[in-house]
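# what's the 3D shape of this:
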Amino acid sequence: MGYRRRRQCESQIYHVMVRGVGRMLLFEDDADRSRYLSFLDDALSRHDLDVLAWCLMDNHIHLLVRGQLERVAKVMQLAGRSYALYFNRRHDHVGHLFQGRYASKPIEGNERLLTVVRYIHQNPIESGASESCHYSWSSYGAYLGLPHCAPRRFDETAVLGLLGSEAEFRRFHELPGSSFAATARHRPTSSMSMEAAAAVLRGVLGEVGIGEVPLHDKAARDAIIVELRARGLSIRQVERLTGIGRGIVSRADGRLADE
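All right, here's what the predicted structure looks like:
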C-alpha cells in the first residue's frame, strides 16, 4: 500500500513524530539526546525552519515545526540520516534505526496549536518517564527560561504570545484535566448528520478507500481518526463509518498520535 500524501496547511505548522524501528531505543543516554538535538539544529538552520516544541523520549521523538512542507521533509531526512550514522557507529548497531518515514500532521488554528504543545510536553508524564512536565529533554523548560539545551531555531514567541506570559504557560499545563484526553472526553456531541460526516470522511481520505482505513499502520490510522475528530465527527460516527472500534477511536483521539 502506498503512503498517504502529506497535507499542506496555511499555518505551515506541523506536528512530526518519528520512532525507532520495532520500538527500539533511539537514545541510550543523554549524550545521544544531545547529539540528536545538535543534528536537528543544523538541519533546521540549513533549511530555514523553526521548532516550536519538542520532546525526546526513549524510543520516539515529537517535534512541532514551522516552515514549508517540503523543507520539513529535508530537515527530517538530514537530521535522521546524520543521527543514524552517529548512533550506528557509537553503539555498533547494524541496520535501520528509524521505523519507516516520519508521521506528520498539519496544525491549524490557535486552539489546536496550544493543545499540541501541551500534548508534547505532557508526553513524559503519560509514558511514566517523568512526574511532571519538567522533563530534561523537552522544550517545556526552555519556555520557562530555565537553563536548557535548546536548538538555536527554537521560537517560543508564537505560543507565549497566545498565552500571555510564562506564568500562564505553566498554568495551562498544570490545570486539572488539561490533558488532551480529558479535553477530548468533554467535547460536545457532534450535531453533524451521517451524510455530512461521510462527505467529510471522503474528503480526508481522498483516493484511499474507506475499507482500507483499518488496514493502515497504527500511526497512520490514528492520524486519520484525529483528523476526523478535529473536523467535527463524533466517536460514534467515526466508528460507524470506518468500522474501527470506539475504544480504539477514543484512545487515538486522546493521544493525538501513536507513541
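# can we go C-alpha only for contacts and neighbour counts from here?
Fine.
# just the strands in the stretch 51-200 of the chain please.
Secondary structure of the stretch 51-200 of the chain (DSSP state E, counting those that start in this stretch): strands at 60-66, 103-106.
# which one of those strands has the poorest average confidence?
Ranked by mean pLDDT, the strands of the stretch 51-200 of the chain end with strand 103-106 at the bottom, a mean of 90.
# got JSON lines for the strands of the stretch 51-200 of the chain, with mean neighbour count and distance to residue 150 too?
Below are the strands of the stretch 51-200 of the chain laid out as JSON lines (neighbours: other C-alpha atoms under 10 Å; distance: least, C-alpha to C-alpha, whole Å):
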{"stretch": "strand 60-66", "mean neighbour count": "23", "distance to residue 150": "12"}
{"stretch": "strand 103-106", "mean neighbour count": "22", "distance to residue 150": "21"}
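# for those, which one sits closest to residue 10?
strand 103-106 (9.0 Å; C-alpha to C-alpha).
# from residue 207, how far out is residue 224?
14 Å (C-alpha to C-alpha, to the nearest Å).
# out of those two, which sits in the busier spot?
residue 224 (23 against 9; other C-alpha atoms under 10 Å).
# any idea how far the helix or strand harbouring the more buried one is from the middle of the chain?
Assigned by DSSP states H and E, residue 224 belongs to helix 218-230. On the basis of C-alpha atoms, centre = their mean, to the nearest Å, helix 218-230 sits 12 Å off its chain's mean C-alpha point.
# hmm, what's the outermost residue in the chain?
Here the chain reaches farthest from its C-alpha mean at residue 195, the gap being 30.1 Å by C-alpha atoms, centre = their mean.
# run through the helices of this protein in chain order.
30-46, 69-91, 110-127, 140-143, 157-163, 166-174, 180-185, 194-205, 218-230, 235-242, 246-255 (DSSP state H).
# pull the helix or strand with minimum mean pLDDT from this protein.
One helix or strand of the chain scores below all others by mean pLDDT, DSSP states H and E: helix 180-185, with a mean of 39.
# what about the stretch 151-259 of the chain, any weak spots by pLDDT?
Flagging of the stretch 151-259 of the chain using pLDDT under 70 yields the residue ranges 176-191, 246-247, 253-259.
# residue 134 is in contact with residue 141, correct?
Yes: counting by C-alpha atoms under 8 Å, residue 141 touches residue 134, with 6.4 Å between them.
# more neighbours: these two, which one.
residue 141 (19 against 16).
# report pLDDT for that one.
The model reports residue 141 with a pLDDT of 92.
# give me the pLDDT value at the closest residue to residue 59 other than its chain neighbours.
In space, and not counting its chain neighbours, residue 59 is closest to residue 25: 4.4 Å by C-alpha to C-alpha, 6 or more residues apart in numbering. For residue 25, the pLDDT comes out at 93.
# quick check, residue 25 in contact with residue 84.
No: contact between residue 25 and residue 84 fails when scored by C-alpha under 8 Å: they sit 11.9 Å apart.
# neighbour-wise, which of those two wins?
Set residue 25 next to residue 84 and count neighbours by other C-alpha under 10 Å: residue 84 wins out with 20 against 16.
# pretty sure that one contacts residue 97?
Yes: using C-alpha under 8 Å, residue 84 makes contact with residue 97 at a distance of 6.1 Å.
# right, and the helices of the chain - which one's nearest residue 20?
helix 69-91 (10.4 Å).
# buried sites along the closest one?
69, 71-72, 75-80, 82-84, 86-87 (16 or more other C-alpha atoms under 10 Å).
# pipe the helices of the chain into a markdown table and attach distance to residue 56 per row.
Compiled in a markdown table, the helices of the chain are given as follows (distance: least, C-alpha to C-alpha, whole Å):
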| stretch | distance to residue 56 |
| --- | --- |
| helix 30-46 | 7 |
| helix 69-91 | 13 |
| helix 110-127 | 9 |
| helix 140-143 | 12 |
| helix 157-163 | 20 |
| helix 166-174 | 18 |
| helix 180-185 | 19 |
| helix 194-205 | 30 |
| helix 218-230 | 18 |
| helix 235-242 | 30 |
| helix 246-255 | 16 |
